[in-house]
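1. The sequence isn't on hand, but the structure is:
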């Protein structure tokens, strides 16, 4: 079987972009079991409740739901187990400094395969307040209305 090329997105955490302001993103590998990989290849994962943390100089991903593999048996994995993230030491140090500075957290943004290897995009993010969420929504609506007005103007002619 030929090796996969390119990026195949499995799951995105759309809620994270709504609830957090993402400052910086990192790509991390995942330590997975065989049944987890097979389940991911079927496109089954949920990042909504997930979060990442640094403990003892290593990064971990927790509360990400990867359902059991349907053809698996006693070798199946636990759906919401803690998974180790593969990052460079300097990246872990940068992330831990940002998180320990206060107000920042690590959220998973996207889970995907890159050239056949499972990767997760994690973001160093700061939580939005209710006002910030409303402001973002208002800006998005204003932008849509402006684009709509331009389209109707172009359609009708000058």
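-> Okay, I see it. Everything quoted here is computed from the prediction, not taken from an experiment.

2. got the buried residues for stretch 151-158?
-> In terms of neighbour count (16 or more other C-beta atoms under 10 Å), stretch 151-158 has no buried residues at all. From N, CA and C alone the C-beta is placed, and that goes for glycine too.

3. now do stretch 23-42
-> Quick answer for stretch 23-42 (16+ other C-beta under 10 Å): 26, 28, 30, 32, 33, 35, 36, 37, 38, 39, 40.

4. and it, what's its mean pLDDT?
-> For stretch 23-42, the mean per-residue pLDDT is 94.

5. Excluding its own residues, what touches it? List them.
-> 10, 45, 59, 61, 66-72, 75-77, 83-87, 91, 95, 98, 104, 109, 111, 113-114, 117-126 (C-beta atoms under 8 Å, 6 or more residues apart in numbering).

6. rerun that using 7 Å as the cut-off
-> 10, 59, 61, 66-69, 72, 75-77, 83-87, 91, 95, 109, 117-126 (C-beta atoms under 7 Å, 6 or more residues apart in numbering).

7. Out of those, which end up buried?
-> Looks like the contacts of stretch 23-42 have 10, 59, 61, 66-67, 69, 76-77, 83, 85, 87, 95, 109, 118-125 buried, using 16+ other C-beta under 10 Å.

8. out of those, which are inside helices?
-> The members of the buried ones among the contacts of stretch 23-42 that map onto helices under DSSP state H are residue 95.

9. Okay, and which of the buried ones among the contacts of stretch 23-42 map to strands?
-> Judged by DSSP state E, strands contain the following of the buried ones among the contacts of stretch 23-42: 10, 59, 61, 83, 85, 109, 118-125.

10. Tell me the one of these nearest residue 153?
-> residue 109 (36.4 Å; C-beta to C-beta).

11. Contacts only, for the residue most central in space within the chain.
-> Closest to where the C-alpha atoms of the chain average out (C-alpha atoms, centre = their mean) is residue 109, at 1.6 Å. Taking C-beta under 7 Å, 6+ apart, we find residue 109 in contact with 12, 13, 16, 22, 25, 121, 122, 123.

12. So, low pLDDT: which residues of the protein?
-> 1-2, 158 (pLDDT under 70).

13. 80 instead, please
-> 1-4, 73, 75, 131-132, 156-158 (pLDDT under 80).
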